[in-house]
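**Student:** Pasting a predicted model and its sequence here:
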2 protein chains.
Amino acid sequence: MKLLIIEDSASLRRSLRIGLANLGFAVDDTGDGAQGLSMAMTGGYELIILDIMLPSIDGITLLQTIRTKQLDSKVLILSAKQEPEDRVLGLLTGADDYLTKPFSFDELHARLLNLMRRGGLKMMSDIITIDNLALNLQLKLLKVADNVIDLTPNEYKIVECLFSNQNKVFSAEKLSTYLAGQYDLISKNSIEAHLSSARKKVRVAGGELPIQTKRGFGYIVQGQ
Amino acid sequence: MKLLIIEDSASLRRSLRIGLANLGFAVDDTGDGAQGLSMAMTGGYELIILDIMLPSIDGITLLQTIRTKQLDSKVLILSAKQEPEDRVLGLLTGADDYLTKPFSFDELHARLLNLMRRGGLKMMSDIITIDNLALNLQLKLLKVADNVIDLTPNEYKIVECLFSNQNKVFSAEKLSTYLAGQYDLISKNSIEAHLSSARKKVRVAGGELPIQTKRGFGYIVQGQ
DNA sequence: TGGAAACTTAAGCAAGTCTTAAGTAAAACT
DNA sequence: AGTTTTACTTAAGACTTGCTTAAGTTTCCA
């Protein structure tokens, strides 16, 4: 059972590593965000214990990145108590669990076991909520205040891509890759058409897709 | 209370045997799949602790075999495997509980007690009821308001997979893995044909399979 | 080895989705 | 303001997907 610790504090990192290794986990660790990301991408870890505040790449960005890459490592966030609550909540988009520092080692252990037992079921990462919109990644559908909106596969994928990569501009070209893969191409116009249709569907249902056009660059969803 | 441990790792096997014997169980153990199977068939064990990865015969196959032979030993799966598919597959084929390595001895003990307490042949969780349909996982059959519907193995597996994973979209590709395993493939068209046939059988019996098509995504059973 | 059951494949049809293109609107530049 | 560029909208036709049926093919038993 491979496990990766990405934690800034060397002493906490060390004690976590030793404690978890003693419990029978195969543990790797690093204190650097960028290095942690590359390890996460290539190491095939079942679980990643992730600190929020990190040098070079912060925990949020790291989590978002590995989630877009469709890695199915589980992620347990460690956060300092000082973090504002809503910020932590935002972070949990895509995380499977979180612990507030300081925590007891037993507490951590219990949560790890729980995460493993749960298996493929993720709790936080299933639904992305923005304003009165809720995108359900499991059911592949979008709700506007409890009205289900039926999106076609391509419409859905555009929304999913932008919703799960907030605060990042995606060009039509990049979206094309997301929709059709590396070896197929979808024209800019076609993406415009899909997006237009998706926006209309949401508008008809009384909402508004929070996807902004960055003229000349692409599209973005800006979280607060 | 007779109990059989089938576990590859000699050290884990030994510590389980000693620990469980100390708790008052009559414990046998083996590290070999084929031997484990023959012991399971003849030994009259109330409970079998079964590792998935085993020499000569793997755990899943072993479990399937003893289930087809109508043995009523309870089975608790141990697995180090990372894929959640394995977990589900294991449970689908007749396991009573599941633990992921590493686990604490206390955790195992708690689960054993729980399994014994549950007793009886049929557990609540063995029958999945949706509307007027009842899917019996133990008997591998589907009832529409007390009329038994004869599904072929593949038809049954599709229904079982979707019924026991409600509120999740399953693509044809994923279903194929459930039906045929990782190394074999069932074409999309073939799955469509099975599903069509299953739907028809239920319809003829006066019911309706609550399996919805999510065009472009796959199939889903939506619980309440 | 023969026959039944189950599985796969193929083909036709219906329905849904995608792309394109032409027209309209909005922003940026001069 | 006028021009140009970029993005949005719409609708029609092409394409794709999914369902169904029926005809092959395989598998499994007796």
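**Tutor:** Thanks, I have the structure now. Numbering: from 1, shown residues only, chains lettered A, B, ... in the order given.
**Student:** Touching, residue A:96 and residue A:75? I think so.
**Tutor:** Yes - using CB atoms under 8 Å, residue A:96 and residue A:75 qualify as a contacting pair, with a distance of 5.6 Å. The way it works is simple: take the backbone N, C-alpha and C, and place the C-beta from them, glycine included.
**Student:** Which one's more surrounded, these two?
**Tutor:** residue A:75 (29 against 21; other CB atoms under 10 Å in any protein chain shown).
**Student:** Now do the buried residues in the strand or helix carrying the more buried one.
**Tutor:** Applying DSSP states H and E as the criterion places residue A:75 in strand A:74-80. Counting neighbours by 16 or more other CB atoms under 10 Å in any protein chain shown, one finds that the buried residues in strand A:74-80 are A:74-79.
**Student:** Equivalent analysis for stretch A:42-56, please.
**Tutor:** Under 16+ other CB under 10 Å, the buried positions of stretch A:42-56 are A:43, A:45-52, A:54.
**Student:** From residue A:74, how far out is the residue in chain A that DNA strand D sits nearest to?
**Tutor:** Residue nearest to DNA strand D within chain A: residue A:196 (3.2 Å; CB to the nearest atom of the strand). Residue A:196 is 37 Å from residue A:74, where distance means CB to CB, to the nearest Å.
**Student:** Any idea which helix or strand in chain A has the lowest mean pLDDT?
**Tutor:** helix A:85-91 (a mean of 43; mean pLDDT, DSSP states H and E).
**Student:** and of the buried residues of stretch A:42-56, the nearest to chain B?
**Tutor:** Nearest to chain B out of those is residue A:46 (CB to the nearest CB; 5.1 Å).
**Student:** So the closest one versus residue B:60, what's the distance?
**Tutor:** 20 Å.
**Student:** Residue A:205: neighbour count?
**Tutor:** Neighbour count for residue A:205, taken as other CB under 10 Å: 17.
**Student:** Quick check: beta-bridge partners of the closest residue to it other than its chain neighbours?
**Tutor:** Nearest residue to residue A:205 in three dimensions, chain neighbours excluded: residue A:144, at 4.3 Å (CB to CB, 6 or more residues apart in numbering or on different chains). Counting by DSSP bridges, residue A:144 forms beta bridges with residue A:133, residue A:147.
**Student:** Let me see the confidence value for residue A:144.
**Tutor:** Looking at residue A:144, its pLDDT is 89.
**Student:** Hmm, it is touching residue A:132, no?
**Tutor:** Yes - the pair residue A:144 / residue A:132 is scored as a contact, 6.2 Å apart, by CB under 8 Å.
**Student:** Please enumerate the shared neighbours of the two.
**Tutor:** Residues touching both residue A:144 and residue A:132 (CB atoms under 8 Å, 6 or more residues apart in numbering or on different chains): residue A:207.
**Student:** The two - which one has more neighbours?
**Tutor:** Using other CB under 10 Å as the criterion, residue A:144 and residue A:132 rank with residue A:144 on top: 20 against 13.
**Student:** Then residue A:29 would be within a strand, right?
**Tutor:** Yes - membership of residue A:29 in a strand is supported by DSSP: H, G, I helix; E, B strand; the rest coil.
**Student:** Distance of it relative to residue A:79?
**Tutor:** From residue A:29 across to residue A:79, the span is 18 Å (CB to CB).
**Student:** and if you look at residue A:149?
**Tutor:** On the measure of CB to CB, residue A:149 and residue A:79 end up 33 Å apart.
**Student:** How about stretch A:149-161 and DNA strand D, any contact?
**Tutor:** No - counting by CB under 7 Å from any atom of the strand, DNA strand D is not contacted by stretch A:149-161; separation bottoms out at 8.1 Å.
**Student:** For the residue lying closest to residue A:130 once chain neighbours are set aside, list the residues it contacts.
**Tutor:** Using CB to CB, 6+ apart and skipping residues adjacent in sequence, the residue nearest residue A:130 is residue A:210, 5.3 Å away. Counting by CB under 8 Å, 6+ apart, residue A:210 makes contact with A:130-131, A:133, A:221-222.
**Student:** Cool, thanks, talk later.
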